[in-house]
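[1] Model the following, please.
(2 chains)
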Amino acid sequence: MNILTYGEIMDGGASVFHCVAREDASSLFVTFSGVVRVDNPARHLGDLLTDLRHILPGHKLDKTTLDFTELEFCNSNGFYIIMDIIEIVYATTTGPVLVRRLEEDDWQQETLPILLNLDEPAIAARTEFENVLEV
Amino acid sequence: MNRPGPATRVGVSLRVAPLGDIRGNLATLLGESLPALLGMFYPPFIVKKANVAVTELIQNVIENIVDPTSELLLELAVDGDVLDVQVRNKATPGQYEAVRARVDELAQTDDPKRLFGQTLRARRADQLKGGLGLLRLVSENRFRLAVRYEQEHLTVHAAFALRGNT
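    Numbers count the residues shown, from 1 in each chain, chains lettered A, B, ... in the order given. Next up, the predicted model:
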């Protein structure tokens, strides 16, 4: 498993959110972990977006997994940055995208599909969900 | 999740004044600590709803303070029937009208998710900050919203009916 890039949000001196992009055998894994509660998350994750835009096109990636099961909370100030990351991943990869999400989480069940822009047929056609029970 | 017998009644009331003294992320602090208390008595999906409601409503107040000497009042209550969150703060008539218009719009739509999606994309295209919290409470968490304005103070009331939804 090769780490391509990562970004994190620091709040009060502690790391509260991680987004890590990994590549393994032509598969891309993007994991979202922690909480997004800060006022302006884009300020913390600008370099991650730049990296994703530049690094992903240089890799042959046949399938992608977006894993939200370690994302404990996202306030509405975090929606845009999640959309930014998702958009870059869909634009710079081809093939199916598996979205792993928590089964009993209103944000991941109700709002995440809107952030993914599943109304767009091309995106919907590439996307499958795996619902995971929280331990 | 069905629980036999009457549910535990939990109520919390918090006042903070003057608002100008707030240092740090009050929305985060309350959004994490109060739901953690509820977690002693209620299942995670109720706790998560409380977390979202407290976080978004307090965030709205913090981002729109008109008088740093004024007070914030948060009241959270839950029993077997309803999860109820109210936030009261000093606001201008214009702020009240903006919130009331959003609440009215949500009450009138038959598809809150579509309204949420449209608003999200329009605001993102214009790089507008905020404005999504109330929509989220309805579209995502199925809260009922009400708003009132008395003596220069705005109260936003979010209620989620547990009976029939648990």
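[2] Going by C-alpha atoms from here, please, whenever you check contacts or count neighbours.
    OK.
[3] So which residues on chain A come close to chain B?
    Contact residues (Cα under 8 Å from any Cα of the partner chain) of chain A with chain B: A:37-38, A:75-77, A:80, A:104-107, A:110-111, A:114-115.
[4] residues in contact with stretch B:90-104?
    Stretch B:90-104 is touched from outside by B:65-67, B:70-72, B:134-135, B:145-149, B:152-154, with contacts defined as Cα atoms under 8 Å, 6 or more residues apart in numbering or on different chains.
[5] List the residues that contact the one residue in chain A that gets nearest to chain B.
    Here chain A gets closest to chain B at one residue, A:Glu110, 5.4 Å apart by Cα to the nearest Cα. Listed by Cα under 8 Å, 6+ apart, the contact set of A:Glu110 reads B:Ser139, B:Glu140.
[6] Same question for A:Gln109.
    Per Cα under 8 Å, 6+ apart, neighbours of A:Gln109: A:Arg101, A:Leu102, A:Glu103.
[7] Relative to A:Val89, which of those is nearest.
    A:Arg101 (16.9 Å; Cα to Cα).
[8] mind listing what that closest one touches?
    Contacts of A:Arg101 by Cα under 8 Å, 6+ apart are A:Asp67, A:Phe68, A:Thr69, A:Gln108, A:Gln109, A:Phe129, A:Glu130, A:Asn131, A:Val132.
[9] Recalculate using a threshold of 10 Å.
    A:Arg101 makes contact with A:66-71, A:107-109, A:112, A:129-134, according to Cα atoms under 10 Å, 6 or more residues apart in numbering or on different chains.
[10] could you pull out the strands for chain A?
    For chain A, the strands defined by DSSP state E occupy A:2-11, A:14-24, A:27-36, A:63-74, A:97-102, A:127-132.
[11] Using PDB, write down the CA coordinates of the third one.
    Once side chains and other backbone atoms are set aside, the C-alpha atoms of strand A:27-36 remain, and they are given as PDB (Å, rounded to 0.1, in the frame of the first residue of the first chain):
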ATOM      1  CA  SER A  27      -6.800   0.600  -6.700                       C
ATOM      2  CA  LEU A  28      -7.200   4.000  -5.000                       C
ATOM      3  CA  PHE A  29      -8.300   4.200  -1.400                       C
ATOM      4  CA  VAL A  30      -9.300   7.500   0.100                       C
ATOM      5  CA  THR A  31     -10.100   7.400   3.800                       C
ATOM      6  CA  PHE A  32     -11.700  10.200   5.900                       C
ATOM      7  CA  SER A  33     -11.100  10.000   9.700                       C
ATOM      8  CA  GLY A  34     -12.000  12.100  12.700                       C
ATOM      9  CA  VAL A  35     -14.200  15.100  12.900                       C
ATOM     10  CA  VAL A  36     -14.700  18.200  10.700                       C
END
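[12] And it, how far out from the chain middle?
    Relative to its chain's centre, strand A:27-36 lies at 5 Å (Cα atoms, centre = their mean, to the nearest Å).
[13] Packing partners of that strand?
    With contacts defined as 3 or more Cα pairs under 10 Å, 6 or more residues apart in numbering or on different chains; DSSP states H and E, strand A:27-36 has these neighbours: strand A:2-11, strand A:14-24, strand A:63-74, helix A:79-92, strand A:97-102.
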